[in-house]
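> sequence first, predicted coordinates after that:
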Amino acid sequence: RLVLRGLSGYSKWIDSGENPPVIEINAEGWDGMGPAGAPFLQDKMDLRKGPLCQVLLLRGNPLRVCFRTHHSIMDGRGTLAWAEDICSVLRGENPAGTSSTISDVELARSARTDYRTPFARDSIAPTGDAADNLQGVTWKRIIIPGKFRNILGQVAILTAKEAWRHGDGPVRFSIPVDLRQHIPGLRSNGNLSTAIYIEISRNSTPESVSADIKNQLTEKRDCLLDRSDHIISYIPLRLLTAIGKARLTTNFMKGKYGSSGIITNMTQVPLAPFSGGGFTATRFWGIPPAFENVPYFMGMTYTSHDLQLVLTMPNRLADKGRIDRLLDNIRSGLQQA
């Protein structure tokens, strides 16, 4: 029910008193594999007016329930906690609720108080040069039968190889991390995600990527903040927007970015907690947030018998079938367990 009040560093979330709406939509023309036929996913959420969360009942075959949230107030795990509580009520159970209002900065600072060394904006995109006349983002979902191990490491290596098809340069990925792990038993539906960064070299292997991630988590590098974080909150949003647009243009012109992309693995999510009220869940997947200044955002979920990849990209990098070729090459390069 949150909405934004205040300006810049004096902003805060308040309870609007308005519950998130439940909206029934005819989605018979949507296959769930991309944005075509799903204009309801493009509806903007107003931070100051709300609502910033929706439940969409999508009529079609199959019937789908979409939990749609604004990333400024909820991350992926927060959205799952919210959805679990709704389904608990539908089963006649008491919702677990949340136990904390801690912020991401407060949680990170409870583990580490030093700062991250900024990276150069020199990473190359997995798709080559940007098209000049396109704006916005797109996404595509594929389903790959089989069982896989070390899927994050495999996808990182395969994506780096795609980037090097188009030229030489550093390949760096951001890996989202759930900060809740640092407080045992913490249940929060807030945005408590941060990131670690992995560098891929031509000698990297899925095993070395996995070891690097494990080492960074052991050192709690997910709790490192940037020195600019506390300054940014006091810069007017209009100025930040102007800076972001200027940087976006520079990134596309030079073909260099802060990272080559983001890879997130939501692992295997149990489906039983998401059934209730006559609805039985048979599959779960999520669409990564759309950032035009991030050249590649891969989300992964899997079941006991298949893997789902959902890739979000700027249209300038995904055009002329590039997003399809990228996913096809990753699919063909994956090694099953």
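Happy to help now that I have it.
> max-length helix in the protein?
The residue-count maximum for a helix in the chain (DSSP state H) belongs to helix 237-254.
> measure how far that helix is from the centre of its chain, please.
In terms of C-alpha atoms, centre = their mean, to the nearest Å, the centre of helix 237-254 is set 21 Å apart from its chain centre.
> could you do stretch 291-302 as well?
Worked out by C-alpha atoms, centre = their mean, stretch 291-302 lies 6 Å from the chain centre.
> ok, now stretch 156-173?
Counting by C-alpha atoms, centre = their mean, stretch 156-173 comes out at 20 Å from the chain centroid.
> cool, and stretch 47-55?
Computed by C-alpha atoms, centre = their mean, the chain-centroid distance of stretch 47-55 equals 19 Å.
> list the buried residues in it.
Residues of stretch 47-55 classed as buried by neighbour count (16 or more other C-beta atoms under 10 Å): 47, 50-55. In this view, the C-beta of every residue, glycine as well, is placed from N, C-alpha and C.
> try stretch 270-281
Quick answer for stretch 270-281 (16+ other C-beta under 10 Å): 273-274, 276, 281.
> ok, back up a step: other SSEs contacting whatever helix or strand comes next after the longest helix of the chain?
Sequence-wise, the next helix or strand downstream of helix 237-254 (DSSP states H and E) is strand 261-265. Contact partners of strand 261-265 among helices and strands, from 3 or more C-beta pairs under 8 Å, 6 or more residues apart in numbering; DSSP states H and E: helix 151-165, strand 171-178, strand 297-302.
> list the strands paired with the second one, with their directions.
Pointing back at strand 171-178 there. Here strand 171-178 is paired, per DSSP bridges, with strand 193-200 (antiparallel), strand 261-265 (parallel).
> show residues contacting the shortest one.
I take that to be strand 261-265. With C-beta atoms under 8 Å, 6 or more residues apart in numbering as the test, strand 261-265 has contacts from 76, 125-126, 151-152, 155-156, 159, 173-176, 195, 288, 294-300.
> let's go with 7 Å and repeat that
Defining contact as C-beta atoms under 7 Å, 6 or more residues apart in numbering, one finds that strand 261-265 is touched by 126, 151-152, 155-156, 159, 173-176, 288, 294-300.
> next, the angle from it to helix 151-165.
Per axes from the mean of the first three to the mean of the last three C-alpha atoms, to 10 degrees, the angle that strand 261-265 makes with helix 151-165 is 160 degrees.
> state the mean pLDDT of strand 261-265.
Strand 261-265 shows a mean pLDDT of 96.
> repeat for stretch 70-85
Rounded mean pLDDT across stretch 70-85 is 94.
> next: stretch 299-318.
Mean pLDDT, stretch 299-318: 94.
> tell me the buried residues in that stretch?
299-302, 307-318.
> swap in stretch 9-21?
So, applying 16+ other C-beta under 10 Å, buried residues of stretch 9-21: 13, 16, 20.
> residues in contact with that stretch?
Residues contacting stretch 9-21 (C-beta under 7 Å, 6+ apart): 1-6, 50-51, 53-55, 73, 233-234.
> same thing but 10 Å
1-6, 47-56, 67-69, 72-73, 82, 86, 101, 103, 190, 230-235, 237 (C-beta atoms under 10 Å, 6 or more residues apart in numbering).
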